[in-house]
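In: the sequence and its predicted three-dimensional model are supplied below.
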Amino acid sequence: MSASASSRPGSRAWLLAETPHSRTQARLGQAYVRWLHFLRNPLAMIGLAIVVALIVIAALAPYLTSHSPFAQDLGNRLQAPSAEHILGTDELGRDVYARLLHGARITLLIVGLVAIIVGPIGLLVGTVAGYLGGWFDTVLMRITDVFLAFPRLILALAFVAALGPGIQNAIIAIAITAWPPYARIARAETLTIRNSDFISAIRLQGAGPLRIILGHVVPLCLSSLIIRITLDMAGIILTAAGLGFLGLGAQPPMPEWGAMISSGRKFLIDHWWVATIPGVAICIVSLGFNLLGDGLRDVLDPKGK
Amino acid sequence: MKSYATLLAAGTVALGVSALGIQGAALAATPKDTVVIAYAIDDIISLDPGESFEFSGSEAITNMYQRLIAYDPKDVTRLYGQLAETWYVGGDGKTYTFKLRKGVKFHSGNVLTAADAAYSLQRAVILNKSPGFILTQFGFNKDNVKQRIRAVDDSTLVVETAEAVAPTFFYYCMTAVVGGVVDSKEAMKHEKAGDFGNGWLKSEASAGTGPYKLVNWKPKDSFTMIRHEDHWSGDKAKTRRVVVRHIAEPAAQRLLLEKGDIDFARNLGKDDLAAVARNKDIKIQQARKGAVLYISFSQKNPNLAKPEVREALKYLIDYDAIEKNIVQGTYVVHQNFLPQGFLGAISDRPYKLDVAKAKDLLTKAGLPNGFNVTMDTRNNSPTTEIAQAIQGTFAQAGVKLEIIPGDGRQTLTKYRARNHDIYIGRWGPDYQDPHTNAETFAMNEDNGDDAKSKTLAWRNSWNIPQMTAQIKAAVREVDPKKRVAIYEAAQREFLKTSPFAIMFQQIETVAHRANVDGFEMGPSFEDNVYYGIVKK
Amino acid sequence: MATRLVLTVLVTFLGLLLVTFFIGRVVPTDPVLAAVGDRAPAAVYERVRMELGLHLPLWQQFWIYVQKVVQGDFGTAVLTGKPVLSDIRRVFPATLELATVATLLGLIIGVPMGVFAAVHQNKWIDHVIRVLALFGHSVPVFWLGLVGLLILYAWLGVVAGPGRLDVGYFDVVDTVTGVILVDSVLAGEWEVFGNAFSHIILPAAILGYFSLAYIARMTRSFMLEQLRQEYITTARVKGMAESRVIWRHAFGNILVPLITVIALTYANLLEGSVLTETVFAWPGLGSYLTDALLAADMNAVLGATIIVGTIFIGINLLSDVLYRLVDPRAK
């Protein structure tokens, strides 16, 4: 503990020690090796940079522009990019650059919330089904099957139609449609862990199923789940943008990128920037998440898929 | 050869090889004998004149079916006989007689008789679909209609209304699509389970006397019509085939028009129109339509129920800026419930953006800092943009407007159930008589939740016994001058006190290729006719 | 085994129906309005509500519906006034055509790309291919469609615009399969074929890019796994030509999992076409379903969902069976 924090020159050696003295040292050492491996992957680093940039931009949005994303100026609508409006103005004379920056917050909000909702649900359903097995497993997996048998976007569409359009409902709908694959992964992992010796040992010590699942099975499933969630982020962004495009996601005047494309497409021919710029933003951010996820997979899941 | 060039070019692109250097495939063009119209036609539910009540559907039907009488689109006050040669009302003010033309042939080749006319009106009354009320408001029902509407001989039709009304009111109702004359023999041949051939006429075929007959209708895709070669009048179609393609996106319509893949684009927005206006291969034509765009304030909301608030909000809309920047070429400012071109229409427009005045009024209402309110808004263009512009000007007086967007039918469901605060909507007249708009905007006979007549005034819980009585009197007024006076007074009163801010009247603007001409447009979609279209 | 499979499929189906049905019933849109239009008077509205059985309790409506479906009656679509089954028969070929051409494009380009990347692992070309493939998963199809139309149709004029055919070619060929590319060949109308092709190529290429990305990626990792195997080294040591090693031996061994991947992308494209169809005014199942959903046209929604669900389950089942048949190791 103290060694890692205090003696800087020795920390690298300590982390890379061939014979770690404690479990913590072994774990940290392993993580460090992975991090080194990750650093050597240029594409993954680009991905990481994009994601970090997204977070920074979202946090600092109001400081990066003097324009409000909502202030209308009908007399100055559909202006081409200029010094005053670096990315031009939209159909209501709002500054596209300001809207783009504030849109980053919405994007981040969507992926963040979906991940927070989906991860635990998938993990819980998967591990419980996998660990308990039998009747429980059958019912849970049948439910998963029903959801998997649906085309995802169509199911999300259906839920949004039922809940009413809006950003919260879009997030809920995406979450509802996104959890089944996680449950599947968690279940598969649990099945391999369930009968391992160390779980049997814990069971012999008298631990109940709940404690075993939460304390021992769930942590072991986490890494594959995190990879999957990172890789899914791009899909979540695209689905949210698709809903926004169909008018079912974020609603005006919210500067959600998909909705911006949707309203900008009417002016595509003469004023290409209004619809093109948010599209480029979506591309970059989803690519960032994809690159990051891809890199994480290489590092955390050496078997490769 | 053209297709091979396209094929080659497309293939090249598909393989990711640079497409540079290949000149665009020869400019596409539509065939000489065919006119192609791009139009958002996804609202069509039925092509049966006894059932259709949608804008694009009624336009299609007008080109396939004719009515007994019609009005001149250029001068709405002038009625003329379409299938009737002469007509008159008896001394009792209730018995109308129509003498039919001879030698008129249906699409099937059958000859028109008064029996067909009687059958058509009877079936519309008995089917009693959406537009049925236009006829049943004269006291017809399924039990009495066979006595009250009858063919006396082959060329004479007699119609008896329940009570005497202004004859112009009755005549204008007869000019509606629901008065379209159907080939009774053909309809009966395809009758199923007593449906008067409705299932067949709805989507399969046409059985009218109009200049075009239906080839096919693919819902949400297209409908195709072909010339009725035996058409009787001078309205015989000049172009053999008309295809109306459903293209929802204005930008796509414009692209197709510029490329010559279509001849007419019907749903171009302001910016597209401005752009195609500069193209010498494209021309633009316009006609004033009867539809008005309004926002309305539910009187169930205690803030909106205050008269000062209603007036203040009318001063918080920048009518001119919206017209100029958002709807130019598709709407013009108009603030009265009777659209220009209607009997009794006035052109007063007292309201314009005046934030100071609005603030005064809000202070008087005890809301100096404004208030929060929601508006249900269809998520289509230009409704969304207009709503956002209103949101912007409302905010200047502290009125925080939250836009609740939804699909058209979702917002309408809420509106009909009176669950809205503010609603932004469009209203198109059901027939060409002023009563249609007067009734819906200014009549509310029973403000209860289970009222029989759910007019727009009812939807906004606006309780107006006095104005209701006024409008009722107007319908019975036989003297046209007095009738006009009643409507004018009602509109001025409405302008001041109503929970409606009527903002715009629609203009239909159509862009077409310069080599195509002769599309006639009238004040209603039922007046848009294709037969005169020629292609050079 | 077989009965168990059938049972599983049946239960999944019932779940599918149940979920869609209840979603449809809580949609805050009034299905009666879809039937009678916006301007219908109150009396007509009430009557149609009764006719549609909407005054009955939910479970009763569901039971009536299931009974009818079992008898092969999907009801009438409110939106079109036609039987749902005939609607689907009309719109499905358009989607099938689009998804098939897209998958073919993805296949023809994606597989060689994947193999190439695997052979040149960690070289710059591998990175380029990887980024290209990842980009396919990152770009919003509807946006790419708009930009594609703008550049290739509006500016360069090398492809045709939205829709399946120019109007001049409407109704020239009789509908046999509904797939215009096939019908025009059957009729020997090459000009129609060319026109249809120039219409389909852009949406299919955009849709195909998505499947290309997935196919290329999977091909690459399958190939990498094979190339690591001992028999490959042996073959190389024996002096076998490198192209033969790659294509005959390594590639030959990944065919089975590859087929599964392709089947799955194909199924995914059927749904992926929803947005593409919107942008390209393509009258297929995707836009039919979306329209129906938004209008709360439940018969149409359920009918289309059952069809899509069936295809989904069917393709999954098929690739599963295929996998077992071809690969004796998978049991």
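Out: That came through, no problem.

In: ignoring the adjacent residues along the chain, who's closest to B:Val516?
Out: The shortest distance from B:Val516 to any non-neighbouring residue, by CB to CB, 6 or more residues apart in numbering or on different chains, is to B:Asp263 (4.6 Å). Placement of C-beta: from N, CA and C, glycine included.

In: residues touching the one you found, list them.
Out: The neighbours of B:Asp263, taking CB atoms under 8 Å, 6 or more residues apart in numbering or on different chains as the test, are B:Thr30, B:Val35, B:Val36, B:Ile37, B:Leu257, B:His512, B:Arg513, B:Val516, B:Lys535.

In: want to throw these into TSV with secondary structure?
Out: Below are the contacts of B:Asp263 laid out as TSV (DSSP: H, G, I helix; E, B strand; the rest coil):
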residue	secondary structure
B:Thr30	coil
B:Val35	strand
B:Val36	strand
B:Ile37	strand
B:Leu257	helix
B:His512	strand
B:Arg513	strand
B:Val516	strand
B:Lys535	strand
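
In: those: which two are farthest apart?
Out: B:Leu257 and B:Lys535 (14.5 Å; CB to CB).

In: which of these two has more residues huddled nearby?
Out: Shown here are B:Leu257 and B:Lys535; by other CB atoms under 10 Å in any protein chain shown, B:Leu257 has more neighbours (25 against 18).

In: show me what counts as buried in the longest helix along chain A.
Out: Taking DSSP state H as the criterion, chain A has its longest helix at helix A:96-132. Within helix A:96-132, the residues scored as buried using 16 or more other CB atoms under 10 Å in any protein chain shown are A:96-111, A:113-115, A:117-119, A:121-131.

In: do the next helix or strand after it and chain C meet at all?
Out: Counting by DSSP states H and E, the next helix or strand C-terminal to helix A:96-132 is helix A:134-149. Yes. Residues of helix A:134-149 are located near chain C by CB under 8 Å from any CB of the partner chain, namely A:Arg142, A:Ile143, A:Asp145, A:Val146, A:Phe147, A:Ala149.

In: from the residues you listed, pick the one nearest chain B.
Out: A:Phe147 (24.4 Å; CB to the nearest CB).

In: so how many other residues sit close to that closest one?
Out: 20.

In: what about the helices in chain C?
Out: Counting by DSSP H, the helices of chain C are C:2-26, C:31-36, C:42-51, C:58-70, C:84-119, C:124-136, C:141-148, C:180-187, C:190-227, C:230-237, C:242-244, C:252-279, C:285-294, C:298-326.

In: so for B:Thr77, which of the ones you listed sits nearest?
Out: The nearest among these, by CB to CB, is helix C:42-51 at 30.8 Å.

In: in what helix or strand does the most centrally placed residue in chain A lie?
Out: Nearest to the mean C-alpha position of chain A, counting by CA atoms, centre = their mean, stands A:Met233 at 3.5 Å. Using DSSP H and E, A:Met233 maps to helix A:218-245.

In: same question for A:Leu191.
Out: With DSSP H and E as the criterion, A:Leu191 is inside helix A:167-194.

In: elements contacting the helix or strand following that helix?
Out: Once the chain leaves helix A:167-194, the next helix or strand it forms, by DSSP H and E, is helix A:197-204. Judged by 3 or more CB pairs under 8 Å, 6 or more residues apart in numbering or on different chains; DSSP states H and E, helix A:197-204 is in contact with helix A:209-212.

In: any buried residues in the helix it packs on, and which?
Out: Buried, per 16+ other CB under 10 Å, within helix A:209-212: A:Ile212.

In: gap between it and the chain center?
Out: 28 Å (CA atoms, centre = their mean, to the nearest Å).

In: again with stretch C:11-26
Out: With CA atoms, centre = their mean, you get 21 Å for stretch C:11-26.

In: model confidence over stretch A:232-243, on average?
Out: The pLDDT scores in stretch A:232-243 average 88.

In: contacts for that stretch?
Out: Contacts of stretch A:232-243 (CB under 8 Å, 6+ apart): A:107, A:110-111, A:114-115, A:152-153, A:156-157, A:160, A:170-171, A:173-174, A:177-178, A:181, A:249-250, A:256-258, A:261, A:282, A:285-287, A:289-290, A:293, C:137-138, C:140, C:142-143, C:275.

In: using PDB, list the CA coordinates for it.
Out: In PDB, the C-alpha atoms belonging to stretch A:232-243 read as follows (Å, rounded to 0.1, in the frame of the first residue of the first chain):
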ATOM      1  CA  ASP A 232     -22.300  -0.700 -27.600                       C
ATOM      2  CA  MET A 233     -22.000   3.000 -26.900                       C
ATOM      3  CA  ALA A 234     -21.700   3.800 -30.600                       C
ATOM      4  CA  GLY A 235     -24.900   1.800 -31.200                       C
ATOM      5  CA  ILE A 236     -26.700   3.600 -28.400                       C
ATOM      6  CA  ILE A 237     -25.600   7.000 -29.800                       C
ATOM      7  CA  LEU A 238     -26.800   5.900 -33.300                       C
ATOM      8  CA  THR A 239     -30.100   4.600 -32.000                       C
ATOM      9  CA  ALA A 240     -30.700   7.800 -30.000                       C
ATOM     10  CA  ALA A 241     -29.800   9.900 -33.100                       C
ATOM     11  CA  GLY A 242     -32.100   7.700 -35.200                       C
ATOM     12  CA  LEU A 243     -35.000   8.400 -32.800                       C
END
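
In: quick one: buried residues of it?
Out: Per 16+ other CB under 10 Å, stretch A:232-243 contains these buried residues: A:Asp232, A:Met233, A:Ala234, A:Gly235, A:Ile236, A:Ile237, A:Leu238, A:Thr239, A:Ala240, A:Ala241, A:Gly242, A:Leu243.

In: rebuild those residues as TSV, extending it with distance to A:Leu300.
Out: Below are these laid out as TSV (distance: CB to CB, whole Å):
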residue	distance to A:Leu300
A:Asp232	15
A:Met233	16
A:Ala234	18
A:Gly235	19
A:Ile236	20
A:Ile237	22
A:Leu238	24
A:Thr239	25
A:Ala240	26
A:Ala241	28
A:Gly242	29
A:Leu243	31
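
In: please tell me how far the residue nearest in space to the middle of chain C sits from chain A.
Out: The centroid of chain C falls nearest to C:Leu270 when counting by CA atoms, centre = their mean (1.1 Å). C:Leu270 is 7 Å from chain A, where distance means CB to the nearest CB, to the nearest Å.

In: how about the contacts made by that residue?
Out: By CB under 8 Å, 6+ apart, the neighbours of C:Leu270 are A:Pro151, C:Thr95, C:Ala99, C:Leu285, C:Gly286, C:Val308, C:Ile311, C:Phe312.

In: next one: B:Leu121
Out: Counting by CB under 8 Å, 6+ apart, B:Leu121 has contacts B:Leu135, B:Val145, B:Ile149, B:Val159, B:Gly179.

In: what residues go with each domain of chain B?
Out: B:1-64+B:210-281+B:514-536, B:65-192, B:288-508 (automatic domain parsing).

In: and the ones you listed: which comes nearest A:Ile227?
Out: domain B:1-64+B:210-281+B:514-536 (30.8 Å).

In: quickly find the element holding B:Leu135.
Out: helix B:133-136.

In: what comes up buried for the longest helix seen in chain B?
Out: If you go by DSSP H, chain B has its longest helix at helix B:480-497. Within helix B:480-497, the residues that count as buried by 16+ other CB under 10 Å are B:Arg483, B:Val484, B:Ile486, B:Tyr487, B:Glu488, B:Ala490, B:Gln491, B:Phe494, B:Leu495.

In: next: stretch A:164-174.
Out: Result for stretch A:164-174 [16+ other CB under 10 Å]: buried residues A:Gly164, A:Pro165, A:Gly166, A:Ile167, A:Asn169, A:Ala170, A:Ile171, A:Ile172, A:Ala173, A:Ile174.

In: out of those residues, who's near chain B?
Out: Applying CB under 8 Å from any CB to these, those adjacent to chain B are A:Gly164, A:Pro165.

In: in a markdown table: the buried residues of stretch A:164-174, plus pLDDT.
Out: Shown next, in a markdown table, are these (pLDDT from 0 to 100):
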| residue | pLDDT |
| --- | --- |
| A:Gly164 | 74 |
| A:Pro165 | 75 |
| A:Gly166 | 81 |
| A:Ile167 | 87 |
| A:Asn169 | 88 |
| A:Ala170 | 89 |
| A:Ile171 | 92 |
| A:Ile172 | 91 |
| A:Ala173 | 88 |
| A:Ile174 | 90 |
